[in-house]
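J.: Just to be clear, the model below is a prediction. Sequence and coordinates:
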Amino acid sequence: MKASNRAGRSRAKTGRTWICLIALLLVGGGLFAWNLGRSKRLFDEAQEVFATHPERAEQLLARSIDAAAGDYPAAQLLRCRALGAAGRWDEATGLFSLIEDKSACEPRELARLAREAQRANAGVLTEMALVAANRPGAEQAAVLRQLISFEFERAPSDEALAYCRELARVAPNDPFPWQAEGRLQQQRKEAIAAVHAYREALRRKPNERQELEIRMELAGLLIDSGELTSAREEMNRLLANPSAAEAVRMKDAYLLRLEGYWQAALAKVQSVLADAPGSAGALMLRGILSFDRGQFAQAAEDLERVVAAQPFNKEAHYKLGQAYLKLDRPKEARAHLQTSNRLTELNLEIMALEARVRENRADRALVSKLAGLYEEVGRGEDAGRLRSLQAQN
């Protein structure tokens, strides 16, 4: 009898325990569901006020993320944008790194954050957001274009080339990745690879503006490579456009000179100067043409105007120094030839350092040295861009 009573009490106690556990689970589940609902409501409210009151949105999003126990990728991403809107990009970068599952963020929203960060020179966040957004889907081609453009704002690396080729696979009919690769290979002095890339871009039927850009780049490369017959073919296509710009006419004038048509080259230069009397490029070429014809005083006059307008133009300093030598003005000649030699040495050093920076963009000493060299050759914008990116890293 006693044993039976004890068994009954034990069963009753077990039943009560299960009831308590179930009740706790129900309460816990209810609280969890309530928190999720509250988190979603706060997120929706933040979205509504984000455009007009980003500071208020940031506060709502912080509460939304707390209610979701710190794991709410969409809210975390939007909070990064809200922090950025307030100029708090370092905090935004730190918060973004805490998003555990970035694949849960929409690529379009990641790309939007990247654009905003890029405009604010927040380079680290720009790169992280774009890398996270680069995944198969409808947005991938646009993301890759953005990645390539971002890479070109820095010292383009092997990653930029890889992104070009990835975009070429994702969007096989798009001329953009081939044009970008051509520019990259041209920067690296890989002329054959650059010509191939530009021709591949043209095969993909770019729009009129793009075609003009590509043919200009290709014609210039062919001229520099000494492929005058191919350069003339491209130049004739460019000249067929009735709105041929000054740059096209100048490139044609340089080509005419190399082809031996001195009078035609001079006539082309004079037509440019008639429209733009201060054109340094036209004055430079007229000075070179005068030098070729033994008219050294006239050459010096034009080249003096060029170096006054472009003090870091090493070719103009060199040619002016040569003209002064012909005019028996050795002291002045020596000064310009020394300037030309110095600028040439600096540019060679820049080329070598750019290759090293491409391999290790995190090396602050290298980046700082490259920025300083840019300033020495008059490339202030490039120096400022590098220093700005370095400050963000």
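T.: Cool, the structure landed.

J.: Which neighbouring elements make contact with the helix or strand containing Arg63?
T.: Take DSSP states H and E as the rule and Arg63 turns out to sit in helix 54-67. Under the contact criterion of 3 or more Cβ pairs under 8 Å, 6 or more residues apart in numbering; DSSP states H and E, the helices and strands touching helix 54-67 comprise helix 2-49, helix 73-85. Every residue, glycine included, has its C-beta placed from N, CA and C.

J.: weakest of those helices by average pLDDT?
T.: The weakest mean pLDDT among these belongs to helix 2-49, with a mean of 60.

J.: Could you list the low-pLDDT ranges of the stretch 251-393 of the chain?
T.: Per-residue confidence of the stretch 251-393 of the chain (counting by pLDDT under 70) places the weak regions at 389-393.

J.: what's in contact with stretch 199-216?
T.: Stretch 199-216 is contacted from outside by 173-176, 178-179, 182, 198, 218, 234, 237-238, 241, 247-248, 251, using Cβ atoms under 8 Å, 6 or more residues apart in numbering.

J.: Now, the residues you listed that are in helices?
T.: 176, 178-179, 182, 198, 218, 234, 237-238, 247-248, 251 (DSSP state H).

J.: Looking at those residues, which has the smallest pLDDT value?
T.: Ranked by pLDDT, the ones in helices among the contacts of stretch 199-216 bottom out at Ala247, which scores 86.

J.: Identify the residues contacting that one.
T.: Applying Cβ under 8 Å, 6+ apart, the residues near Ala247 are Met216.

J.: now swap in Leu283 and tell me
T.: With contact taken as Cβ under 8 Å, 6+ apart, Leu283 is in contact with 273, 302-303, 305-306.

J.: ok, 10 Å please
T.: 269, 272-273, 276-277, 301-306, 309-310, 316 (Cβ atoms under 10 Å, 6 or more residues apart in numbering).

J.: Just the terminal-to-terminal distance for stretch 215-233.
T.: 10 Å (Cα to Cα, to the nearest Å).

J.: what about it, distance to the chain center?
T.: Mean C-alpha position of stretch 215-233 versus that of the full chain (Cα atoms, centre = their mean, to the nearest Å) differs by 26 Å.

J.: Quick check: the gap between the residue nearest to Leu113 when sequence neighbours are not counted and Ser103.
T.: Sequence neighbours aside, Ala129 is the residue nearest to Leu113 in space, at 4.7 Å (criterion: Cβ to Cβ, 6 or more residues apart in numbering). Distance of Ala129 to Ser103, given as Cβ to Cβ, to the nearest Å: 13 Å.

J.: So if I had to pick from those two, which one is more boxed in?
T.: Ala129 (32 against 10; other Cβ atoms under 10 Å).

J.: isn't the more buried one right next to Glu106, touching?
T.: No - under the criterion of Cβ atoms under 10 Å, Ala129 makes no contact with Glu106, lying 11.5 Å away.

J.: care to break this protein down by domain?
T.: Structurally, the chain divides into domains by automatic domain parsing as follows: 25-133, 207-271, 278-393.

J.: Out of the contacts of stretch 199-216, flag the one nearest to Glu381.
T.: Of all these, Ala247 has the smallest distance to Glu381: 19.1 Å, by Cβ to Cβ.

J.: now the helices: where do they sit in the stretch 251-393 of the chain?
T.: If you assign secondary structure with DSSP state H, counting those that start in this stretch, the helices in the stretch 251-393 of the chain sit at 262-275, 280-292, 296-309, 314-326, 330-359, 364-376, 380-392.

J.: from the middle of its chain, how far away would the fifth one be?
T.: This means helix 330-359. How far helix 330-359 lies from its chain's middle: 26 Å, per Cα atoms, centre = their mean.

J.: try the third one
T.: Using Cα atoms, centre = their mean, we find the averaged C-alpha position of helix 296-309 to lie 36 Å away from the chain's own average C-alpha position.

J.: now swap in the first one and tell me
T.: Mean-position distance between helix 262-275 and its chain equals 36 Å (Cα atoms, centre = their mean).

J.: hang on, the earlier thing: of all the helices of the stretch 251-393 of the chain, which lies closest to Arg119?
T.: For the helices of the stretch 251-393 of the chain, proximity to Arg119 was assessed by Cβ to Cβ; helix 380-392 is nearest, at 11.8 Å.

J.: buried set for stretch 249-265?
T.: 249-257, 265 (16 or more other Cβ atoms under 10 Å).

J.: One more: stretch 201-213?
T.: Counting neighbours by 16+ other Cβ under 10 Å, stretch 201-213 gives 201-202, 204, 206, 210-213 as buried.

J.: what's the answer for stretch 81-92, then?
T.: Of all the residues in stretch 81-92, those buried under the rule 16+ other Cβ under 10 Å are 81-85, 89, 92.

J.: Dump the residues you listed into TSV; add distance to Asp363 as well.
T.: As requested, those are exported to TSV (distance: Cβ to Cβ, whole Å):
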residue	distance to Asp363
Arg81	31
Ala82	33
Leu83	29
Gly84	27
Ala85	32
Trp89	23
Ala92	25
